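Q: sharing a model prediction with you, sequence too.
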Amino acid sequence: MSLRVTTPTDREIVLSRSFVAPGQLVFDAYTRPELLTRWYGARGWNLVGCDIELREGGRYRFESLGPRGDTMVQTGTVRQVQAPVRLVLTELFEDQSYPGETLITHEFSESGGQTTVTTTLRYQTPEGRDAVLRYPMARGMGESGDRLTELLTDLTAHQRKEIQ
């Protein structure tokens, strides 16, 4: 399934995508550095620094390197962890072009061998949301989701081999 993007309010962007993988595996891919570094980011971007304290009040820092040597750094605080169904955190980019932290809620819903991830991005202002919508965010998130699909396919195939 491809990425679905909606804007239900003037301060929110909601992203939704399904993956053929169990919920715990998808949750792990979102929270374990050794998995995040294998898929996070648009094609051509690589997560070269990934630290996450997966606990309420924990901090995280992601550093990505782009195809032309550009860097992008995201930091934030983990607000809620309910493995494998919910993860809430804040996000702030270095050199951010809009004010304040973004509140991110990831919800993982497993059914019939698929896990749907619904991500709600809540900005502090409508102008912040609108600034993000002008970026190629949907393309980048779509490509990142494609990379995650590839990783989950590899991981589930490996798990099936271990069981046989």
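A: Arrived safely. Numbers count the residues shown, from 1 in each chain.
Q: which residue ranges form the strands in this structure?
A: Here the chain has its strands, by DSSP state E, at 4-6, 12-19, 46-52, 59-65, 71-82, 86-93, 102-111, 114-122.
Q: from the contact counts, what lies against the third one?
A: Other helices and strands packing on strand 46-52, by 3 or more C-beta pairs under 8 Å, 6 or more residues apart in numbering; DSSP states H and E, are helix 33-39, strand 59-65. To be clear about C-beta, it is placed using only N, CA and C from the backbone, and glycine gets the same treatment.
Q: next, the distance between the ends of stretch 125-143.
A: 27 Å (C-alpha to C-alpha, to the nearest Å).
Q: mind listing what's buried along it?
A: Residues 128-129, 132, 140-143 are the ones in stretch 125-143 that count as buried (16 or more other C-beta atoms under 10 Å).
Q: now stretch 32-45: buried residues?
A: Neighbour counts over stretch 32-45 (16+ other C-beta under 10 Å) mark 33, 35-42, 45 as buried.
Q: how about that stretch as PDB, C-alpha atoms only?
A: Output of stretch 32-45 as PDB, limited to C-alpha atoms (Å, rounded to 0.1, in the frame of the first residue of the first chain):
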ATOM      1  CA  ARG A  32      15.600   0.000  17.400                       C
ATOM      2  CA  PRO A  33      18.600   1.900  16.000                       C
ATOM      3  CA  GLU A  34      20.000  -1.200  14.300                       C
ATOM      4  CA  LEU A  35      16.800  -1.400  12.200                       C
ATOM      5  CA  LEU A  36      16.200   2.400  11.900                       C
ATOM      6  CA  THR A  37      19.600   2.900  10.200                       C
ATOM      7  CA  ARG A  38      18.500   0.400   7.500                       C
ATOM      8  CA  TRP A  39      15.400   2.200   6.300                       C
ATOM      9  CA  TYR A  40      14.900   5.700   7.700                       C
ATOM     10  CA  GLY A  41      14.900   8.500   5.200                       C
ATOM     11  CA  ALA A  42      14.200   9.200   1.500                       C
ATOM     12  CA  ARG A  43      16.300   7.300  -1.100                       C
ATOM     13  CA  GLY A  44      19.800   8.700  -1.100                       C
ATOM     14  CA  TRP A  45      19.600   9.700   2.600                       C
END
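Q: how far away from the center of its chain is that stretch?
A: Put simply, stretch 32-45 sits 10 Å off its chain's centre (C-alpha atoms, centre = their mean, to the nearest Å).
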